[in-house]
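**Student:** sharing a sequence plus its predicted fold:
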Amino acid sequence: MPIPANLTPETAIAIGALPYSTTQQVSFGGTVYSVWYAFTAPDSYVYAVFAHGNFDDYFVDTKIYTLVGGVPVGYRSFGSNTFSDRPCYFSVTSGVTYYIKCEEDGDPAAPDALLTLQFQRAPDLGIATGDLLVPDEILGFPAVVLSPTTGAVKGYRLNIPDSVSGDVRSDGLFLVDNRTVKNLELFQADGTRLAVVPFNWTGAYPIIRTSWTSGRLYVINRISEAPGPTDYPIIRTVLGDGSFGPVTWTLPQVGLVGAAPSHDDTVLYHTGQGYDVFADGAPVQRYDLVTAAPTTDLAAGVPNYAPRSLLVLEDDTVLVLYGKRTSVIDAFVRRYSTAGATLNTYALGEENVTGFASNYLFRALGDPASFWVRSHPRVGGTFNTSRHRQIRISDGVVLATVDTPEFLSGVMQGNTDGSEDLFGNSPSCPVFTWHGPPVPPGTSGEPSEPEPPIVAPETETDTRYLRRLRRAPHVNNENRRVFLRTFELDLERGQGLATGQGSDPMVMLRLSRDGGQTWGEEIRMRAGALGAYTQRCLARRLGHARDTVFEVTVSDPIAWSLVGAWLDVEGGTS
């Protein structure tokens, strides 16, 4: 066989009609060559590529690029993170050409190395009421829709952001976090975005749970995965129009793992204690939302087991998922009455229970007759499968067991033999049942985040969004009150982009009035659209405090230059 002709992006073989499959001899004269393929996206959706050898002595690393100024630039993480003989999926933009490089993974290969490449579009079957929706926690990777009976991928939702927490209301509205920019996004029952809710949590991702009767969505800021003695979680509610409820609570507890409200909005059940967030033997506690004070525990801790997730059913009974982290890994779900009596225990068997969102209780359409639990069974000696089980409340009978392969940053986890499906779901993210109306095929939504501007590098790099945070020194006057008239940020103005994210770049300002212990709601200030060089970035009438700390955060993909700040203050007398 001659030397392959497709050795560069310019000579790449064009991928034709889908589904596409080809084999190519890539060795000649004792050398195994890297070869290129090209795909021009006809639409904005999700596609998968699977390049592999013979699973014996020729293994293939796959990399994906776009060209910027004629230079290959790694597309998301696929240009630098190599993976041998495993499929990957990725979302594309209509009209853009993507270049796929297939190269030997570094091990000596057989002299007759034969490459097999498959390429196909993801299913797009719409959404039915009762389907499972699984967002992805990685920026640029879409949420997946799974069949609740077979586990097959039905399609992807492009407009749902990278999320690690979320929940749904009885009317189908659902709320998820946006992990990259750290806010919340509220969606209508048909899957269209209703509102962006500024939240800007700190530390680990928030917990989101629904009060089924009132429809309030509770958001609990967990503060930190390694909390300090005063890092107490903040509790807020989000209403159906995307606004916050009138009350904010501070939960006097550290190490929070799970939380869920009662449906009459009087009690927040929560668990996890001390500085170990895994909290073996932690009790299930109660916080009175009416009096804003802790009350008696619902249930004592289970020795050697850590609570992982909480769910309050429509009949107000409480489900708790417990996991054991010893050499024998197992898990179970226990159901408690509102008085704390144990009503049922549902054994799950050998599961991976060390993750936060990867093991999760969520609501079924048949609530309170049944519930869903997500876990990670050990399959073939490794954890690379998501298992969703619907369990009947009355007797623990498993009504459905749905297994799907896990993809991390778009790449299938674990080894393959070439027979697997090319699509799946992320291993660590929320999951909930679609309570809204059916959604027809071909309505997957616009991508939740535009691609940032890319500058062609000299070597392969990842495309990343950068979040920049600056915190000022303490502002105080010998413990007397200081009145904060005006804060103005000195920065390079008018650097916005022409379109998309960054066309109206924003600066997020927060104040701590107790020396950095707690923080107020963020204030958004405009940094200036393209050419708006006289734009002032300021905030007025900021109140007073004895020990103030200012924090500025920016994340829009523009060229930021934060120089300093001016503060107009007036000293108090007390």
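**Tutor:** That came through, no problem. Numbers count the residues shown, from 1 in each chain.
**Student:** hey, let's count contacts and neighbours off CA atoms from now on
**Tutor:** Noted.
**Student:** show me where the stretch 451-574 of the chain has its strands.
**Tutor:** Counting by DSSP state E, counting those that start in this stretch, residue ranges of the strands within the stretch 451-574 of the chain are 468-471, 482-491, 506-512, 523-526, 537-540, 544-545, 549-554, 562-571.
**Student:** what pairs with the last one, and is each one parallel or antiparallel?
**Tutor:** Here the strand partners of strand 562-571, with direction, are listed using DSSP bridges: strand 482-491 (antiparallel).
**Student:** now render the strands of the stretch 451-574 of the chain as JSON lines, adding mean neighbour count.
**Tutor:** Shown next, in JSON lines, are these (neighbours: other CA atoms under 10 Å):
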{"stretch": "strand 468-471", "mean neighbour count": "12"}
{"stretch": "strand 482-491", "mean neighbour count": "18"}
{"stretch": "strand 506-512", "mean neighbour count": "20"}
{"stretch": "strand 523-526", "mean neighbour count": "16"}
{"stretch": "strand 537-540", "mean neighbour count": "17"}
{"stretch": "strand 544-545", "mean neighbour count": "20"}
{"stretch": "strand 549-554", "mean neighbour count": "20"}
{"stretch": "strand 562-571", "mean neighbour count": "13"}
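**Student:** in the stretch 201-350 of the chain, where is pLDDT below threshold?
**Tutor:** Residue ranges of the stretch 201-350 of the chain with pLDDT under 70: 202-204, 222-231, 273-278, 325-329, 350.
**Student:** buried by neighbour count: which residues of stretch 299-313 qualify?
**Tutor:** Residues of stretch 299-313 classed as buried under the neighbour-count rule (16 or more other CA atoms under 10 Å) are 299, 301-302, 305-313.
**Student:** for the residue in the chain sticking out farthest from the centre, which non-adjacent residue is closest in space?
**Tutor:** Of all residues in the chain, residue 573 has its C-alpha farthest from the mean position, at 48.0 Å, by CA atoms, centre = their mean. Once flanking residues are discounted, residue 573 sits nearest to residue 480: 6.3 Å by CA to CA, 6 or more residues apart in numbering.
**Student:** who's in contact with that neighbour?
**Tutor:** Neighbour list for residue 480: 546, 571-574 [criterion: CA atoms under 8 Å, 6 or more residues apart in numbering].
**Student:** thought residue 293 was touching residue 287?
**Tutor:** Yes: counting by CA atoms under 8 Å, residue 287 is a contact partner of residue 293 at 5.9 Å.
**Student:** all strands of the stretch 251-400 of the chain, in order?
**Tutor:** 258-261, 267-271, 284-288, 293-294, 306-312, 318-325, 329-336, 342-349, 351-352, 360-363, 370-377, 385-392, 398-405.
**Student:** reformat those as CSV; add distance to residue 101.
**Tutor:** Shown next, in CSV, are the strands of the stretch 251-400 of the chain (distance: least, CA to CA, whole Å):
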stretch, distance to residue 101
strand 258-261, 43
strand 267-271, 48
strand 284-288, 52
strand 293-294, 58
strand 306-312, 41
strand 318-325, 41
strand 329-336, 40
strand 342-349, 42
strand 351-352, 35
strand 360-363, 37
strand 370-377, 32
strand 385-392, 28
strand 398-405, 24
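**Student:** wait, which of those is closest to residue 105?
**Tutor:** Evaluated over the strands of the stretch 251-400 of the chain, closeness to residue 105 peaks at strand 398-405, with 23.0 Å, by CA to CA.
**Student:** neighbouring strands - and their directions - for the closest one?
**Tutor:** strand 385-392 (antiparallel).
**Student:** just flag the most distant two among the contacts of residue 480.
**Tutor:** Farthest pair in those, by CA to CA: 546 and 573, 10.9 Å.
**Student:** please name whichever of the strands of the stretch 251-400 of the chain is nearest to residue 118.
**Tutor:** Across those, the minimum distance to residue 118, taken as CA to CA, is reached by strand 398-405, at 17.8 Å.
**Student:** which residues do residue 546 and residue 573 both contact?
**Tutor:** Contacts common to residue 546 and residue 573, judged by CA under 8 Å, 6+ apart, are 480-481.
**Student:** how is the chain divided into domains?
**Tutor:** According to automatic domain parsing, the chain is divided into the following domains: 9-121, 132-433, 468-571.
**Student:** mind putting those domains in a markdown table, distance to residue 3 included?
**Tutor:** A markdown table is the format used below for the domains of the chain (distance: least, CA to CA, whole Å):
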| stretch | distance to residue 3 |
| --- | --- |
| domain 9-121 | 6 |
| domain 132-433 | 26 |
| domain 468-571 | 43 |
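**Student:** buried deepest among these, which one?
**Tutor:** Greatest average neighbour count among the domains of the chain goes to domain 132-433 (a mean of 20), per mean count of other CA atoms under 10 Å.
**Student:** what about that one, distance to the chain center?
**Tutor:** Counting by CA atoms, centre = their mean, to the nearest Å, domain 132-433 is centred 12 Å from the centre of its parent chain.
**Student:** can you give me the end-to-end span of it?
**Tutor:** 5 Å (CA to CA, to the nearest Å).
**Student:** how close does the closest residue to residue 391 other than its chain neighbours sit to residue 370?
**Tutor:** Distances taken as CA to CA, 6+ apart place residue 398 nearest to residue 391, at 4.5 Å, with adjacent residues excluded. Residue 398 sits 9 Å away from residue 370, going by CA to CA.
**Student:** between those two, what contacts are shared?
**Tutor:** In contact with both residue 398 and residue 370: 390-392, using CA under 8 Å, 6+ apart.
**Student:** which among these gets closest to residue 531?
**Tutor:** residue 390 (55.8 Å).
**Student:** hey, what's the nearest residue to that closest one once chain neighbours are set aside bridged with?
**Tutor:** The shortest distance from residue 390 to any non-neighbouring residue, by CA to CA, 6+ apart, is to residue 372 (4.4 Å). Going by DSSP bridges, residue 372 is paired in beta bridges with residue 362, residue 390.
**Student:** and if you look at residue 32?
**Tutor:** Bridge pairing for residue 32 - DSSP bridges - gives residue 27.
**Student:** confidence score at it?
**Tutor:** Here the pLDDT value assigned to residue 32 is 88.
**Student:** I'd like the distance between it and residue 63.
**Tutor:** If you measure residue 32 against residue 63 using CA to CA, the figure is 16 Å.
**Student:** check contacts around the nearest residue to residue 315 once chain neighbours are set aside.
**Tutor:** Residue nearest to residue 315 in three dimensions, not counting chain neighbours: residue 368, with 6.2 Å by CA to CA, 6+ apart. For residue 368, the contact set (CA under 8 Å, 6+ apart) comprises 313-315, 393.
**Student:** save the shared contacts of residue 398 and residue 370 as a markdown table, and put in distance to residue 341 too.
**Tutor:** Formatted as a markdown table, those follow (distance: CA to CA, whole Å):
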| residue | distance to residue 341 |
| --- | --- |
| 390 | 23 |
| 391 | 20 |
| 392 | 19 |
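**Student:** export these to CSV and tack on distance to residue 260 and pLDDT?
**Tutor:** Converted to CSV, the shared contacts of residue 398 and residue 370 look like this (distance: CA to CA, whole Å; pLDDT from 0 to 100):
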residue, distance to residue 260, pLDDT
390, 20, 95
391, 19, 96
392, 20, 97
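**Student:** quick check, nearest of those residues to residue 525?
**Tutor:** The nearest one, if we look at those relative to residue 525 and count by CA to CA, is residue 390, at 46.5 Å.
**Student:** surely that closest one touches residue 401?
**Tutor:** Yes: counting by CA under 8 Å, residue 390 does reach residue 401; the two are 6.7 Å apart.
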